[in-house]
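1. got a structure for you, letters missing:
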C-alpha cells in the first residue's frame with residue numbers, strides 16, 4: 001500500500017548522492033505514491049538516475065524554484081520536500097506521516113541527526129535542534145531537506161520565495177505558521193549528510209550560519225549573495241555511510 005504523498009527533490013549534479021536516497025524511499029514500509037525530481041539542468045547523469053528509479057523529472061533551478069516547480073505538478077494533498085543527501089530509515093514515512101495525521105498538523109519537520117561518526121558534527125546538529133525548539137513558537141525554522149506540508153498551505157503562501165538566495169526554507173515555515181500550525185515531529189530524526197562541513201570546514205560553515213541568522217533577525221531575509229553558495233557538485237565522502 002502506498003502513501004498519498006508526493007515527495008519533491010530539487011537537484012543539480014547529484015548523481016553521487018541521489019541513488020542512496022531513492023533506494024531508501026523505495027524500501028520504505030509504506031512508499032509514497034510519487035517522487036518528483038526537479039532538476040536544474042544537471043550536466044551529469046542525475047536525470048537518468050531519477051528516471052531509472054521511476055521518478056517524474058521536471059525542470060528546476062535553485063532549491064526554492066525547484067521545490068515550487070515540483071509542487072505545481074504534485075498529485076497528492078500532502079507533500080514532502082527532501083534534499084538528495086538525506087537517507088530515510090525504512091519506516092520513516094510510515095511513522096512521520098502517521099504522527100502528522102494524529103496531531104492534525106498541516107506543516108511539520110524533523111529534528112536532525114548527522115550521518116557522521118564525528119562527535120563535533122553531532123554537537124553542531126544538536127545545537128540546531130535546541131535552537132529550533134527554543135524559537136519554534138515565535139520564530140520557526142525548518143531545514144529545506146525535510147518539510148512536510150499540505151498543498152493548500154503551500155499554495156496559500158505562494159510557495160518558496162524565489163528572491164531569497166539563502167534560508168528560504170526558514171522563511172517558508174515562518175510564513176506558513178502565520179496561517180496554520182507548524183511543529184517538529186517526535187517519531188524520527190532525519191539522517192542528513194555533513195558534506196558541506198567536509199568541503200568547507202565545520203567552523204566556517206557554523207560561523208556562516210550564525211551570521212546569516214543574525215542578518216535575518218536584524219536586517220531581513222537574504223536576497224543578496226554574501227557568501228559563496230554552490231548548489232550541487234558536491235564531492236562524496238567514500239568513508240561515510242551515505243555513500244555505501
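-> Arrived safely. None of the values given here were measured: they were computed from a predicted structure.
2. So which residues of this protein form helices?
-> 18-26, 46-52, 63-73, 92-102, 119-135, 151-156, 168-177, 195-200, 202-218 (DSSP state H).
3. any chance of these in a markdown table, plus mean neighbour count?
-> Placement of C-beta: from N, CA and C, glycine included. Formatted as a markdown table, those follow (neighbours: other C-beta atoms under 10 Å):
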| stretch | mean neighbour count |
| --- | --- |
| helix 18-26 | 19 |
| helix 46-52 | 18 |
| helix 63-73 | 22 |
| helix 92-102 | 18 |
| helix 119-135 | 14 |
| helix 151-156 | 16 |
| helix 168-177 | 22 |
| helix 195-200 | 17 |
| helix 202-218 | 14 |
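4. distance of the residue positioned nearest the centre of the chain from residue 85?
-> Geometric centre of the chain, nearest residue: residue 145, 0.9 Å, by C-alpha atoms, centre = their mean. In this view, residue 145 and residue 85 are 7 Å apart by C-beta to C-beta, to the nearest Å.
5. got it, and residue 131?
-> For residue 131, the distance to residue 85 - C-beta to C-beta - is 21 Å.
6. related to what we said a few turns ago, which residues sit in contact with the residue nearest to the centre of the chain?
-> Residues near residue 145 by C-beta atoms under 8 Å, 6 or more residues apart in numbering: 81, 82, 83, 85, 86, 190, 192.
7. try it again with 6 Å
-> 82, 83, 86 (C-beta atoms under 6 Å, 6 or more residues apart in numbering).
8. contacting residues around the last one?
-> The contact partners of residue 86, by C-beta under 6 Å, 6+ apart, come to 145, 190, 192.
9. Is there a neighbour count for the closest residue to residue 156 other than its chain neighbours? I'd like the number.
-> Leaving aside its sequence neighbours, residue 156 sits nearest to residue 179 (C-beta to C-beta, 6 or more residues apart in numbering; 5.9 Å). When neighbours are defined as other C-beta atoms under 10 Å, residue 179 has 13 of them.
10. nearest spatial neighbour of residue 151, skipping sequence neighbours?
-> According to C-beta to C-beta, 6+ apart, the nearest residue to residue 151 is residue 77 (5.2 Å).
11. My understanding was that that neighbour contacts residue 152; is that so?
-> No - contact criterion C-beta atoms under 6 Å: residue 77 and residue 152 do not qualify, at 7.3 Å.
12. Which residues are in contact with each of these two?
-> By C-beta under 6 Å, 6+ apart, no residue touches both residue 77 and residue 152.
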